[in-house]
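Asker: sequence plus the predicted model coming up.
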Amino acid sequence: MNLDESGLAQLCGIAERAGAEIMRVYEAGTPQSWRKEDDSPVTEADLRADEVISKGLAGAFPGVPRWSEESGAPAVATDTLFLVDPLDGTKEFLGRNGEFTVNIALIVDGAARAGVVFAPALGELYYAAAGSGAWKKAGSQSAPVRVAPVAAPAALRITGSRSHAGPELGAWLERVGRPFDFVPAGSSLKICRVAEGRADLYPRLGPTSQWDTAAAQAVLEQAGGCMLDPGGAGLRYGMSRPVLNPWFIALADPGMTYPSIARENF
């Protein structure tokens, strides 16, 4: 299964409607929130956006299973499905910094074949599909996005988590071996910043779930970059794989050299 331009437009529309629902909660003030079993926060905006996405996908893509952070996995195991995070960056949402996203990815045989990342508070929509390239819509204008060349001796532009940085990241940065500028960001926007040429790499030395990364990976790959696990393989998705991703690095230049991200080195 691949998405044509019409299918990708439908996926964008679903993400935008979910984002509008999130913004209704965001603009109303302090939302109701509580803790899930894994101690991560969830709000009424997460659940309202998830309902919009679930209904939208069922109507536009009948028969294609959905796996959402908030409403669970399909009854039958499959590696061809939609992966959904209705509100990625709940801490950013609660902190009111605008850096939260709606993530919807189409996974086909374990690969991220299409993805939509919508940051409703920023008015930024990233979308991509195999064969259609990667695009960014801001306001009413859409333009293709492409990774930027990584040129020495200029300082590397490294992005990383605003809410989940740990000692491993600091240790990794000490081994980079060349000047760099570090700019934190929230949610899947970090990967999109690499895709659109505003950052060179993003090392993630900590836990993420499949739905956190799949949509942005589709955007990055169609923009010319890649996301690699500690062994140098691309991240894969689906119900036959663990919910938690391995540590990874998002790169603008697939041939770039970088310090190891293997856990045994930390």
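Answerer: Looks like it came in fine.
Asker: only C-alpha atoms from now on, for both contacts and neighbour counts.
Answerer: OK.
Asker: thought residue 129 was touching residue 222?
Answerer: Yes. At 7.0 Å, residue 129 counts as touching residue 222 under the criterion of Cα atoms under 8 Å.
Asker: low-confidence ranges in the stretch 151-266 of the chain?
Answerer: Low-confidence segments of the stretch 151-266 of the chain, defined by pLDDT under 70: 162-165.
Asker: so which residues of the stretch 51-200 of the chain form strands?
Answerer: 66-68, 81-88, 101-108, 111-119, 124-129, 133-138, 141-144, 156-161, 180-185 (DSSP state E, counting those that start in this stretch).
Asker: need those in CSV (columns: mean neighbour count).
Answerer: What follows is those, written out as CSV (neighbours: other Cα atoms under 10 Å):
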stretch, mean neighbour count
strand 66-68, 23
strand 81-88, 28
strand 101-108, 29
strand 111-119, 29
strand 124-129, 26
strand 133-138, 19
strand 141-144, 12
strand 156-161, 21
strand 180-185, 15
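Asker: okay if I get these as CSV plus distance to residue 243?
Answerer: Output for the strands of the stretch 51-200 of the chain, formatted as CSV (distance: least, Cα to Cα, whole Å):
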stretch, distance to residue 243
strand 66-68, 11
strand 81-88, 11
strand 101-108, 14
strand 111-119, 15
strand 124-129, 23
strand 133-138, 26
strand 141-144, 31
strand 156-161, 20
strand 180-185, 23
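Asker: wait, what's in contact with residue 126?
Answerer: Listed by Cα atoms under 8 Å, 6 or more residues apart in numbering, the contact partners of residue 126 are 116, 117, 118, 134, 135, 136, 137, 192, 219.
Asker: just give the nearest non-adjacent residue to the third one, would you?
Answerer: Closest residue to residue 118 in three dimensions, ignoring its sequence neighbours and counting by Cα to Cα, 6 or more residues apart in numbering: residue 125, at 4.4 Å.
Asker: roughly how far does the one you found sit from residue 148?
Answerer: Between residue 125 and residue 148 the distance is 19 Å, computed by Cα to Cα, to the nearest Å.
Asker: residue 168 against residue 262, yeah?
Answerer: No. Residue 168 is not in contact with residue 262 according to Cα under 8 Å; the separation is 10.6 Å.
Asker: go through stretch 209-217 and flag the buried ones.
Answerer: For stretch 209-217, burial by neighbour count (16 or more other Cα atoms under 10 Å) applies to 210, 211, 212, 213, 214, 215, 216, 217.
Asker: the third one is in what secondary structure piece?
Answerer: Going back to what we said before, that points to residue 212. Taking DSSP states H and E as the definition, residue 212 sits inside helix 210-222.
Asker: and the next helix or strand past that helix?
Answerer: Using DSSP H and E, the helix or strand that follows helix 210-222 in sequence is strand 226-228.
Asker: contact partners of that following strand?
Answerer: Contact with strand 226-228 is made by 217, 220, 221, 234, 235, 248, 249, 250, 251, 252, 253, 254, as judged by Cα under 8 Å, 6+ apart.
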